[in-house]
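*Asks:* return a 3D structure for these sequence lines:
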Amino acid sequence: MHLIIAEKNIAARRIAEILSGDAKISSKKDGAATIYEFGNTQVIGLRGHVVEVDFEPGYDNWRSATHPPRTLIGAGIIKRPTEKKIVSLLQKAARKADSVTIATDFDTEGELIGKEAYELVRAVNKTVPVDRSRFSAITPDEINRAFAETQPLDFNLAAAGETRQIVDLVWGASLTRFISIAAKRGGGNILSVGRVQSPTLAMIVDREKEIEAFIPETYWMVRLDSEKDGTPIEARHTNGRFKEKAEAEAAVAGSVPPATVTEVIEGEKNDRAPSPLDTTTLIVAAGRLGYSAANAMRVAEDLYMNGYISYPRTDNTVYPKSLNLKGIVADLSKGVFEKDGKWVAANMRPSPTRGKKETTDHPPIHPAGYGSPDKIGEDAWKLYEFIVRRFFATLSPDAKWKTLKVNISAGREPYTATGGRLVVAGYRSIYPYSEAKERILPPLTPGETLRIIAVHLDEKETQPPARYTQSRLIQRMEELGLGTKSTRHEVIGKLIARKYVEGNPLRPTLVGRAVTDTLQEHADTITKPEMTSSLEEHMNLIKVQQKQAQEVLSESRRMLEQVFNQLEANESMIGGDIMDMTIEESIVGPCPVCGHSLRIRRMGSSQFIGCMHYPDCTFNMSLPPGTWGGAVRTKDICPTHSLNHIRLVRKGARPWDIGCPLCSHIESNREALSMIPGCSEEMIRSLHAHHLYSITDLTAKNPDELAGILTVPTSSAKSLIQSAGEVIGILRRRTEMKKFIRDHITPRKGRSPAKITKALVDAGIGDITALGRADPKLLKQTGVSEAEALELLSEAKKESDTRTLKDIGLPAVSLKKYQAAGITSPEDFISIHPASIALATGVTIETVIKHASLVSDHFNKQRPEKISNSTFLKGQKDLAEIPGVGEATIRKLADAGIYDRKTLLQMKGEVSGLSHEVVSKLKKQAALL
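*Replies:* Alright, predicted model coming up:
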């Protein structure tokens, strides 16, 4: 059997589809992975890295006196599986394999993943031949070529990736642990420090300091308006910026009519078509299209996996000669690109444009297959279309412009007007992503005079340097040698997830700035790019065998030891500085009750805003759980409550802006308050005026206090508090139902658990018990399929019955036995004879009768007759002695309430499953015994 190992499931499926040709593919899902099989070949997809590097046992305890943070520098490194089920499945297949081909992505990371797979294969099959296929696109031509020209694994390339893994682990873990302990931060509130992350954060912080330190300077610009034959002419004074206002005013005063053309200079400008895309250029362009760096790479990865574009992680900006450019154009010349593709084919330049970087691993990013908006989807279409049009542009002729420069004198003051006209559109015919704004000037000749319409004096200010956008930061990281093309966007994502930076353009948060300022003060090596870029360069040398992995690891450890020398000498100052600077990050403004500060607080996964004057002031506001995103304050301030707005930040998701927490708190609790009978809008305003915003605030008051606040009798206040408690119960049951729905219905667009719950509540269904009795048609109206609706209602009925039986008093151990035998509802205990239940479940007859009696009492039904265990067992023995009575017959008799000879002889009705003749015969035989 030939085993092929791909990096992800989607790649495995695509490779299987291509290599199988016309053969039928069978798929078998086993746990976390799917195996695709055709002929004598199996293809399995990993989930990226299925093993990871970690420290040897004993280094887990952050507070260990034996293993303080510095000891992590020299700690032993082990590998451990992170996807145990996939590893098990892979090795199970590898044991039967006659040959193995690694088909992971061809870059450093992919080669390392391939090497990890190789080691897992070798652990169970030491002799099987293993080779490697390398491809730049998951298309039939490329995949068939790659598997026809397999090569050995590149262990040097994998070693470079593994070295980076170990270096990043040791630096990140040791520094994060040291800084977090020093600043007394733990749990979900640790302070992350990293080899690439910290200098990248320092760039953002330093830019913010530049902006804050920037002092704007005023300057003046002078311009002149004229026209000829209705065409406007705007000319600017040749002095450019005037630093002195008096000089600018003198220039305005000296600009007297007429304006005379002194010189006309005509020219041509070649507007070169753009060069092919590498990863950084793609991310920059995607930023202009509205994609974050991480989202751009996610979408590009999906397009690659589905065969629409080539591999999106490349530094190459020169198409290799082997790439069939005309064939790609022909393939794309249909559907939405038909007109543009045919134009490119007819006007193709002799040689495609080329950038400055040329590598041999992958070609520049280019389209690999035709896609339409319907096939690709709205989220990815903008990026795919850009890649197609960029590819077209690199093969298209340059654009050409006619330029015109006109020098004008007005009195003694010189002015210049410039114009440009596009005469050959070239690549701009099919590439709308760069501005091509024409500025048309009328025909002018030297000596010609023009009237002066106006002379303007514009006062302006110099601007501070711009904050980094994600794409510009990635460009800067590339220039400084920070990170790799595969990891730069991930570093930025980590900074956002750690709440070190926010917004786009990026600006540092208080905590991001505090960590950076402290490190720059006491251990500045960490925040400078030189050390990191040096390590990156040396790790790259491992690929070409100019350095050994162990050599680079030793160098890294020496560097880190020097950093710790600085850190440990200043530990108390570092911790104190960070704590002093970061306390402000969680303060959101004044408490509406006592005026002290409100602060974001966290306890495990829960988070809330509470008063710092606790326990004297207990005011607090709940926030969504941390799983929805960590709460951070923003710079926006509520004009009503003077509180900073709150944003929830979670890695891999868009930030959720809550806004003013008190406005949100009031709004989210308004509906609950209005549900209380007799609670009018005027009463709600009165509660708000006394800082009672939620229904629990109301129930926490004693009746006399509440009566005074609302100016109502104490009896009315008591009734209000009681009603509020009932509403809390209703809301709790609704929340419980929404969670139940979320656990059983997969959310899709237009049918979220919240939307389904609202529809049910509007229809009068407010808890799981009512849900179990709901009409499936109601659920179908919310976008739930009939099968899903029936399954949900069945599960709701089962859950409701279980809760009812537990509330009645049935112990969990017995209940589990009943449910295993299909005795699940209270009705079962009333309608089924205890003898039948006892035989089906193995629970003694006395216990069954006891439980059935509890259920009967609860529903005001007649209790079952009492039967002792001894009577029941003797009765079963006696029945078994009747000729022809076996276990199956005893069960059928028990269903009819027959559990001994006496009840058999007294039986007058029918027994389900037994004919009248059989029952009569059994009675006769029982009478003879």
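
*Asks:* make it CA atoms for all contacts and neighbour counts henceforth
*Replies:* OK.

*Asks:* now the element after the one helix or strand residue 147 maps to, going C-ward?
*Replies:* Assigned by DSSP states H and E, residue 147 falls within helix 140-148. Using DSSP H and E, the helix or strand that follows helix 140-148 in sequence is helix 155-182.

*Asks:* after that following helix comes which helix or strand?
*Replies:* helix 197-213.

*Asks:* buried residues in the longest helix belonging to the chain?
*Replies:* Longest helix in the chain by number of residues (criterion: DSSP state H): helix 714-744. For helix 714-744, the neighbour count (16 or more other Cα atoms under 10 Å) marks 714, 716-718, 720-721, 723-725, 727-728, 730-731, 733-735, 737-738, 740-742 as buried.

*Asks:* now do stretch 95-107
*Replies:* 95, 97, 99-107.

*Asks:* again, but for stretch 682-697
*Replies:* Those would be 683-684, 686-687, 692-695, for stretch 682-697 by 16+ other Cα under 10 Å.

*Asks:* next, the buried residues of stretch 169-185.
*Replies:* Quick answer for stretch 169-185 (16+ other Cα under 10 Å): 169-183.

*Asks:* what does stretch 512-524 give?
*Replies:* For stretch 512-524, by 16+ other Cα under 10 Å, it's 512-520, 522-524.

*Asks:* all helices for the stretch 701-850 of the chain, in order.
*Replies:* 703-710, 714-744, 753-762, 768-772, 776-780, 786-808, 812-820, 826-831, 834-841, 845-858 (DSSP state H, counting those that start in this stretch).

*Asks:* restricting to C-alpha, output the fifth one in CSV.
*Replies:* What follows is helix 776-780, C-alpha atoms only, in CSV (Å, rounded to 0.1, in the frame of the first residue of the first chain):
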residue,chain,number,x,y,z
PRO,A,776,-41.6,21.2,14.8
LYS,A,777,-43.1,23.6,12.2
LEU,A,778,-42.2,26.5,14.5
LEU,A,779,-38.5,25.5,14.5
LYS,A,780,-38.5,25.0,10.7
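
*Asks:* that one packs against which elements?
*Replies:* helix 753-762, helix 786-808 (3 or more Cα pairs under 8 Å, 6 or more residues apart in numbering; DSSP states H and E).

*Asks:* same check on the second one?
*Replies:* Counting contacts by 3+ Cα pairs under 8 Å, 6+ apart, helix 714-744 is packed against helix 661-674, helix 695-699, helix 703-710, helix 753-762, helix 768-772.

*Asks:* any idea which of these is most buried?
*Replies:* helix 768-772 (a mean of 22; mean count of other Cα atoms under 10 Å).

*Asks:* name the nearest residue to residue 790, sequence neighbours excluded.
*Replies:* residue 776 (6.4 Å; Cα to Cα, 6 or more residues apart in numbering).

*Asks:* wait, the one you found sits on residue 789?
*Replies:* Yes. Counting by Cα atoms under 8 Å, residue 789 is a contact partner of residue 776 at 5.6 Å.

*Asks:* quick one, what contacts the closest residue in space to residue 731 that isn't next to it in sequence?
*Replies:* Nearest residue to residue 731, sequence neighbours excluded (Cα to Cα, 6+ apart): residue 672, at 7.9 Å. Applying Cα atoms under 8 Å, 6 or more residues apart in numbering to residue 672 gives the contacts 694-695, 727, 731.

*Asks:* which one of the residues you listed is nearest to residue 316?
*Replies:* residue 731 (58.6 Å; Cα to Cα).

*Asks:* per-residue pLDDT of that closest one, please?
*Replies:* Model confidence at residue 731, expressed as pLDDT, equals 89.

*Asks:* now residue 624
*Replies:* pLDDT, residue 624: 87.

*Asks:* then the one 5 residues further on?
*Replies:* In this model, residue 629 is scored at 81, pLDDT.

*Asks:* ok, now residue 651?
*Replies:* 65.

*Asks:* now residue 709
*Replies:* Predicted confidence (pLDDT) for residue 709: 86.

*Asks:* do the one 3 residues further on as well
*Replies:* Reading off the confidence values, residue 712 has pLDDT 87.

*Asks:* does residue 164 touch residue 538 like I think?
*Replies:* No. In this structure, residue 164 is not within contact of residue 538 by Cα under 8 Å, at 10.2 Å.

*Asks:* rebuild the helices and strands packed on helix 714-744 as TSV, extending it with distance to residue 28.
*Replies:* Formatted as TSV, the helices and strands packed on helix 714-744 follow (distance: least, Cα to Cα, whole Å):
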stretch	distance to residue 28
helix 661-674	47
helix 695-699	52
helix 703-710	65
helix 753-762	31
helix 768-772	35
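
*Asks:* quick one: which of those helices is nearest residue 586?
*Replies:* Closest among the helices and strands packed on helix 714-744, once you apply Cα to Cα, is helix 661-674, at 12.9 Å.

*Asks:* now do the closest one: distance to the chain's middle.
*Replies:* With Cα atoms, centre = their mean, to the nearest Å as the basis, helix 661-674 stands 29 Å off its chain's centre.

*Asks:* as CSV, could you dump the C-alpha coordinates of that helix?
*Replies:* Output of helix 661-674 as CSV, limited to C-alpha atoms (Å, rounded to 0.1, in the frame of the first residue of the first chain):
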residue,chain,number,x,y,z
PRO,A,661,-20.3,49.5,29.8
LEU,A,662,-23.0,51.3,31.9
CYS,A,663,-25.1,52.2,28.8
SER,A,664,-24.8,48.5,27.7
HIS,A,665,-25.6,47.4,31.3
ILE,A,666,-28.7,49.5,31.4
GLU,A,667,-29.9,48.5,27.9
SER,A,668,-29.3,44.8,28.5
ASN,A,669,-31.3,44.8,31.7
ARG,A,670,-34.2,47.1,30.6
GLU,A,671,-36.2,44.3,29.1
ALA,A,672,-35.9,42.2,32.3
LEU,A,673,-37.1,45.1,34.5
SER,A,674,-40.0,45.7,32.1
